[in-house]
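[1] Below: sequence and its predicted model.
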Amino acid sequence: MNKTLGALLLAALLTRGGLDLFWWLTLPGVRSLGAVVTAGLIAASALVVSAHRSQLPRSLGVPVALFFTLVLAGFGRGPGTWLDASRWALLYLGPLVFGAAVWVTRPSPQRWSRSLLAAATVPLLASLALLVEGQPQELVLHGYPRLLGPFKNHHNLAVFASGICLVSGYASTQERGPWRGVAVAVGLASAICLAFTYVRTCWILVAGSFALWALLEKRWTLLAVGSLTAASALAVSPTLQERFSDIAHVLSGVPPAGGWRMIGSSRVHIWTDSFAQFASGGWSSFLFGNGLGGHMNLHKDLDPHCEYLTLLYQLGLAAPLTYLWIFAAAARTAYRDPDPLGRWVTAAVLMTAATSLISNDYLGRTTFAWGLWAAIAISGANAAKNGGNGGREHEGRTDAQRLGELGRHVG
C-alpha cells in the first residue's frame with residue numbers, strides 16, 4: 001500500500017509542481033487538465049489516508065479537520081463559479097492531504113531532501129541562465145529589475161527558491177561526501193535566484209528561519225556571524241537600504257512619501273481599504289466570509305497581501321484562527337522530533353506563520369506549501385516513531401499497561 005501511495009504522491013507533486021512552476025505550460029486545456037489530474041490524485045491519496053487515519057495525530061487532525069470543514073462550507077458562496085471555488089479549495093486543501101499521505105508513507109528525511117535537491121536543479125539552472133542573459137533588465141517592477149526565471153512571476157520563483165534554501169541548509173548540515181557538495185551548490189544557486197527576485201518577505205522568511213534554527217540548536221557563534229553579516233550588508237548596500245526603508249520609517253516615526261498608507265509597497269492601503277469594504281457586509285461577513293474567491297474583489301481585484309485576511313474574507317473569523325492553530329500544532333509536533341530535521345521544520349513553520357501577516361505567498365503557491373507539509377509530516381512521523389507524544393501509540397493506556405508492555409519487550 002505504501003508503494004501505491006508513494007506513486008500517487010510522486011505523480012501529484014510532479015503534476016502540481018510542473019503547472020505551478022513553468023510558465024510555458026499554459027497551452028489551451030493543459031492547465032485545466034493538469035488541475036483535474038491533480039485533484040484526482042489528491043482524492044485517491046485521501047482515500048488511502050482515510051484507511052490509515054489511526055496513524056495520524058489528533059493534535060494536528062482536529063484543526064485540519066476543522067479547516068477542511070470551513071473550506072468546504074465556502075463552496076457556492078463566492079463571486080466565481082463552482083470551478084473557481086474548486087481551484088481555491090485545491091490550493092488550500094491539497095497540501096494538507098499531501099502532508100497526511102506523506103505521514104503514512106514515512107519516507108526518510110535524507111531521501112526526501114535528496115529528491116528535492118535533485119528536482120530543484122532544473123528550474124534553478126534555467127533561472128541562472130536567464131539571469132546571465134539579462135532577463136531582469138526586461139522586467140522592472142517598483143524600480144527593481146526582477147528575475148522570473150522559467151516561472152510565472154517573480155514571487156513564484158522567490159517562494160520556490162526560499163524553500164530550497166531551507167532544504168539545502170538542512171542537507172548541508174547532515175550530508176557527508178558528494179551530497180554535501182550538492183547541497184551547498186544548490187543552496188548557493190537558490191540564494192542567488194532569491195536575491196534577484198527582490199521579494200522582501202521571502203528574504204525575511206529565509207533569514208529568520210536560519211536565525212531561529214541557530215537559536216534552537218544553540219549555535220551562538222553562527223547566529224552572531226550571520227547577524228553581523230546581515231547588518232553589514234544592510235549598512236553598505238544602498239539597494240538594501242532602500243528596499244527595507246519602511247523599517248527605518250517605522251522606527252523613526254517619519255512617514256514615507258504619500259503617508260503611512262504607502263508602507264510596505266502600499267500594503268497598509270490595501271489592508272485598510274479591503275477591510276473597510278469587507279466590514280461593510282456586517283456581522284455575517286465576519287462569521288461566514290464571502291465564500292471561496294471572495295477575497296479578490298475588495299481592493300482593485302487584488303489579493304489582500306496577508307494570508308490571514310485572505311482566509312477571513314473568504315471563510316470568516318474561524319478560518320484564520322484555525323490556520324494559526326494548525327501552525328502551532330505543526331511547530332509543536334516538529335519540535336518533538338529528535339532528528340535535526342525537527343528544528344529546521346520548527347523554524348520554517350514559525351517564520352511562515354510570521355511572514356504570512358505581510359504576505360500572500362504561501363496559500364496560493366502550492367509548491368512551497370506541499371514541500372513544507374511534507375517536511376512537517378516526515379518530522380512528526382519520526383517523532384511519533386521515536387516515542388514523541390505526536391503519535392497515538394499509547395493513547396488511552398494506563399501507566400501499568402505501558403509498564404507491562406515494556407516488561408514483555410524486555411523479557
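    Yep, that arrived. Numbers count the residues shown, from 1 in each chain.
[2] which residue ranges form the strands in the stretch 101-250 of the chain?
    140-141, 144-145 (DSSP state E, counting those that start in this stretch).
[3] any chance of these in JSON lines, with mean pLDDT, distance to residue 262 and mean neighbour count too?
    All C-beta atoms are positioned from the backbone trio N, CA, C, and that covers glycine. Formatted as JSON lines, the strands of the stretch 101-250 of the chain follow (pLDDT from 0 to 100; distance: least, Cβ to Cβ, whole Å; neighbours: other Cβ atoms under 10 Å):
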{"stretch": "strand 140-141", "mean pLDDT": "84", "distance to residue 262": "16", "mean neighbour count": "11"}
{"stretch": "strand 144-145", "mean pLDDT": "88", "distance to residue 262": "16", "mean neighbour count": "16"}
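[4] possible to save the ones you listed as TSV with distance to residue 259?
    TSV is the format used below for these (distance: least, Cβ to Cβ, whole Å):
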stretch	distance to residue 259
strand 140-141	22
strand 144-145	22
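[5] between those strands, which gets nearest to residue 368?
    strand 140-141 (20.6 Å; Cβ to Cβ).
[6] by contact count, what packs against the closest one?
    On a contact count with 3 or more Cβ pairs under 8 Å, 6 or more residues apart in numbering; DSSP states H and E, strand 140-141 meets no helix or strand.
[7] That one - which strands sit beside it in the sheet, and in what orientation?
    strand 144-145 (antiparallel) (DSSP bridges).
[8] Tell me which residue is most central in the protein.
    residue 369 (3.7 Å; Cα atoms, centre = their mean).
[9] Could you find the closest non-adjacent residue to that residue?
    residue 95 (3.8 Å; Cβ to Cβ, 6 or more residues apart in numbering).
[10] what ranges do the helices span in the stretch 251-400 of the chain?
    263-279, 283-288, 307-315, 318-335, 341-355, 366-385, 399-410 (DSSP state H, counting those that start in this stretch).
[11] CA atoms of the third one as PDB?
    So the one you mean is helix 307-315. C-alpha atoms of helix 307-315 as PDB (Å, rounded to 0.1, in the frame of the first residue of the first chain):
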ATOM      1  CA  GLU A 307      -2.800  35.300   4.400                       C
ATOM      2  CA  TYR A 308      -4.900  35.700   7.500                       C
ATOM      3  CA  LEU A 309      -7.000  38.400   5.800                       C
ATOM      4  CA  THR A 310      -7.300  36.100   2.800                       C
ATOM      5  CA  LEU A 311      -8.900  33.500   4.900                       C
ATOM      6  CA  LEU A 312     -11.000  35.900   6.900                       C
ATOM      7  CA  TYR A 313     -12.500  37.500   3.800                       C
ATOM      8  CA  GLN A 314     -13.400  34.100   2.300                       C
ATOM      9  CA  LEU A 315     -14.300  31.900   5.200                       C
END
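[12] quick one: contacts of that helix?
    70-71, 73-74, 78, 88, 271, 274-275, 278, 286, 288-295, 298, 303-304, 319-320, 323-324, 356-357, 359-360, 362-363 (Cβ atoms under 8 Å, 6 or more residues apart in numbering).
[13] So, low pLDDT: which residues of the protein?
    Within the chain, the stretches with pLDDT under 70 are 1-39, 41-42, 44-45, 48, 51-54, 301-302, 387-411.
[14] got the helices of the stretch 251-400 of the chain as a markdown table, with distance to residue 204 columns?
    What follows is the helices of the stretch 251-400 of the chain, written out as a markdown table (distance: least, Cβ to Cβ, whole Å):
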| stretch | distance to residue 204 |
| --- | --- |
| helix 263-279 | 12 |
| helix 283-288 | 29 |
| helix 307-315 | 14 |
| helix 318-335 | 16 |
| helix 341-355 | 6 |
| helix 366-385 | 14 |
| helix 399-410 | 44 |
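[15] quick one: which of the ones you listed is nearest residue 211?
    Using Cβ to Cβ, the helices of the stretch 251-400 of the chain put helix 341-355 closest to residue 211, at 8.0 Å.
[16] How far off centre is that closest one?
    9 Å (Cα atoms, centre = their mean, to the nearest Å).
[17] Which elements pack onto that helix?
    Using 3+ Cβ pairs under 8 Å, 6+ apart, helix 341-355 sits against helix 154-174, helix 200-216, helix 318-335, helix 366-385.
[18] Now distance to residue 227 too, for those helices, in CSV please.
    What follows is the helices and strands packed on helix 341-355, written out as CSV (distance: least, Cβ to Cβ, whole Å):
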stretch, distance to residue 227
helix 154-174, 16
helix 200-216, 7
helix 318-335, 22
helix 366-385, 25
